[in-house]
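**Q** take this sequence and fold it.
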Amino acid sequence: MASVICRRSQRLILNFGDTVAAHVRSMASEVGGVVPKQELREFVKRCMMTVGSKRDHAESLAELLVAADYRGHFSHGLNRLDMYINDVKTGITVSDKEPSLEKQTAATALIDGNNVLGPVVGKLAMDTAIHKAQTAGVGWVTCKGSNHFGIAGWYSMRAAEKGLLGMAFTNTSPLVFPTRAKQPILGTNPISLAAPANDGDSFVLDMATSTAALGKIELHDRKNIPIPNGWGANSEGKETNEPAEVLNGGGQLPLGGSELTGGYKGYGLAMMVEIFCGILGGAAYGPNVRKWRTSDEIANLGHCFVAIDPEAFAPGFRDRMSDLMSICRGLEPISGETEVLVAGDPERQHMAKCDAAGGIPYHPNQIKFANDIAEKLSIAPMKLKS
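**A** As a prediction, the model looks like this:
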């Protein structure tokens, strides 16, 4: 079985690889430049240390932002850098403290982020959950007093790399309309699950409980292109295709969009995340979380991290995980599509494109965005791949 799965995975990669070179050639006319991963990492560190972040805090953030863009989640990579810079620069996020362990049992813990950068808090919390799962079979850790922590998948994958199932959740600023409501009071509240399979393969789900992440709407606005149906609503709660209307007085729709198309399910999932994070962890929740892009009060976000040792349950987890993914990938695709993917495959494909290009390709507006940051901070800009 393992050899069959391995050949199936290799075939998936090879089939995709046949188109990588052509795609990379076409990217030259679509992007403003390609930035090597190490160059992006150093640029983020320069930015954050210039405004006062500790080196190790800046390194954690840089690692996360590079991972986001490398995996194709551009809404949560370089696109978010100015937010982290402003939060530290204004002092609304502190850089002179460390997260602390408030209480724990053999399988659980509560961590106070003490208002430092979210990736610093999340990294400690996920590693704590991993340690507990390795000793107790399960680790469940909640956090309070934190800040925006980036892509949830960065944390769940830390557990999968250790052979564990990993889950990560966070609440966010109130941006999403509950079904039937005219006021957005819930966050995009993402969910991630990473599960290891054979031969380095894995299932990596990383999704918002809104139809789309806010960063994607921001990118559409920055590129002056409309958003798809079901992504957001205007200040009257009416669905719109104009990203500016969503960002200026409007809000996002829960996963599924309107009630007619199942948006109440996304609403329920967002509430579940809020329970795990804000309610269970004692952080701010719902409308009590500070508004997006404001810095007049601390965020006090809540996170939740779970690690599970599959060996504490039925044997053969990796084999079954590989088998299920192989079954899905082997299904006949619909007309117009070439393959059926599982969660994590699109990211692996994007990473292959980046590797072939020698770095991460960015839209011209994103390059300008980074250059403007460098100019404001009087630091060296990112160097593009020649």
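**Q** please name the nearest non-neighbouring residue to residue 71.
**A** Closest residue to residue 71 apart from its sequence neighbours, by Cβ to Cβ, 6 or more residues apart in numbering: residue 347 at 4.1 Å. In this view, the C-beta of every residue, glycine as well, is placed from N, C-alpha and C.
**Q** for residue 322, give its distance to residue 361.
**A** 31 Å (Cβ to Cβ, to the nearest Å).
**Q** same question for residue 83.
**A** 22 Å.
**Q** these two: who's more crowded?
**A** residue 361 (23 against 16; other Cβ atoms under 10 Å).
**Q** wait, the more buried one sits on residue 354?
**A** Yes. Applying Cβ atoms under 8 Å, one finds residue 361 in contact with residue 354, separated by 7.2 Å.
**Q** checking my notes, the residue nearest to residue 71 in a strand, right?
**A** No. Counting by DSSP: H, G, I helix; E, B strand; the rest coil, residue 347 falls outside a strand, being helix.
**Q** quick one: the helices in the stretch 251-386 of the chain?
**A** Counting by DSSP state H, counting those that start in this stretch, one finds helices in the stretch 251-386 of the chain at the ranges 263-274, 280-281, 317-329, 345-357, 364-377.
**Q** what is the neighbour count of the residue nearest to residue 71?
**A** Neighbour tally, residue 347, other Cβ under 10 Å: 21.
**Q** count of neighbours near residue 336?
**A** 5.
**Q** SS state for residue 141?
**A** Assignment for residue 141 (three-state DSSP): strand.
**Q** thought it was touching residue 113?
**A** No. Between residue 141 and residue 113 there is no contact under Cβ under 8 Å: 11.6 Å.
**Q** which of those two has more neighbours?
**A** residue 113 (32 against 27).
**Q** gap between the two ends of stretch 245-262?
**A** 23 Å (Cα to Cα, to the nearest Å).
**Q** residue nearest the centroid of the protein?
**A** Per Cα atoms, centre = their mean, the C-alpha nearest to the average position across the chain is that of residue 151, at 1.7 Å.
**Q** which SS class is it?
**A** coil.
**Q** where exactly do the strands run in the chain?
**A** 33-35, 100-104, 108-112, 138-146, 165-170, 191-196, 202-207, 232-233, 239-240, 251-252, 301-308, 360-362 (DSSP state E).
**Q** mind putting those strands in JSON lines, distance to residue 278 and mean pLDDT included?
**A** Output for the strands of the chain, formatted as JSON lines (distance: least, Cβ to Cβ, whole Å; pLDDT from 0 to 100):
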{"stretch": "strand 33-35", "distance to residue 278": "36", "mean pLDDT": "95"}
{"stretch": "strand 100-104", "distance to residue 278": "16", "mean pLDDT": "98"}
{"stretch": "strand 108-112", "distance to residue 278": "13", "mean pLDDT": "98"}
{"stretch": "strand 138-146", "distance to residue 278": "8", "mean pLDDT": "98"}
{"stretch": "strand 165-170", "distance to residue 278": "9", "mean pLDDT": "98"}
{"stretch": "strand 191-196", "distance to residue 278": "15", "mean pLDDT": "98"}
{"stretch": "strand 202-207", "distance to residue 278": "19", "mean pLDDT": "97"}
{"stretch": "strand 232-233", "distance to residue 278": "23", "mean pLDDT": "94"}
{"stretch": "strand 239-240", "distance to residue 278": "27", "mean pLDDT": "92"}
{"stretch": "strand 251-252", "distance to residue 278": "18", "mean pLDDT": "95"}
{"stretch": "strand 301-308", "distance to residue 278": "4", "mean pLDDT": "98"}
{"stretch": "strand 360-362", "distance to residue 278": "33", "mean pLDDT": "96"}
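**Q** now those in TSV, with distance to residue 155?
**A** Converted to TSV, the strands of the chain look like this (distance: least, Cβ to Cβ, whole Å):
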stretch	distance to residue 155
strand 33-35	24
strand 100-104	17
strand 108-112	13
strand 138-146	10
strand 165-170	4
strand 191-196	7
strand 202-207	10
strand 232-233	27
strand 239-240	32
strand 251-252	23
strand 301-308	6
strand 360-362	21
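**Q** among the ones you listed, which comes closest to residue 374?
**A** strand 33-35 (12.4 Å; Cβ to Cβ).
**Q** distance between the closest one and the chain's centre?
**A** Taking Cα atoms, centre = their mean, to the nearest Å, the mean C-alpha location of strand 33-35 is offset from the chain mean by 21 Å.
**Q** just checking, what packs against it?
**A** If you count contacts as 3 or more Cβ pairs under 8 Å, 6 or more residues apart in numbering; DSSP states H and E, strand 33-35 packs onto strand 360-362.
**Q** so how far is residue 158 from residue 312?
**A** Applying Cβ to Cβ to residue 312 and residue 158 gives a distance of 19 Å.
**Q** more neighbours: the two, which one.
**A** When neighbours are counted by other Cβ under 10 Å, residue 312 and residue 158 differ, and residue 158 comes out ahead with 21 against 12.
**Q** how many residues are close by the closest residue in space to the more buried one that isn't next to it in sequence?
**A** Among residues not flanking residue 158 along the chain, residue 126 sits closest, at 5.1 Å (Cβ to Cβ, 6+ apart). For residue 126, the count of nearby residues is 27 (other Cβ under 10 Å).
**Q** so the residue nearest to residue 71 makes contact with residue 68?
**A** No. Taking Cβ under 8 Å as the definition, residue 347 is not a contact partner of residue 68, at 10.0 Å.
**Q** related to what we said a few turns ago, for the residue nearest to residue 158, list the residues it contacts.
**A** 141, 155, 156, 158, 159, 166, 168, 305, 307 (Cβ atoms under 8 Å, 6 or more residues apart in numbering).
**Q** how about a cut-off of 10 Å?
**A** Shown in contact with residue 126 (Cβ atoms under 10 Å, 6 or more residues apart in numbering): 139, 141, 143, 149, 154-159, 166-168, 303, 305-307.
**Q** what do you get for residue 360?
**A** 31, 33-37, 39-40, 66, 68-72, 74, 77-78, 350-351, 353-354, 366, 385.
**Q** return a ChimeraX selection command for the buried portion of these.
**A** To isolate the buried members of the contacts of residue 360 in ChimeraX, using 16 or more other Cβ atoms under 10 Å:
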select :31,33,34,35,36,37,39,40,66,68,69,70,71,72,74,77,78,350,353,354,366
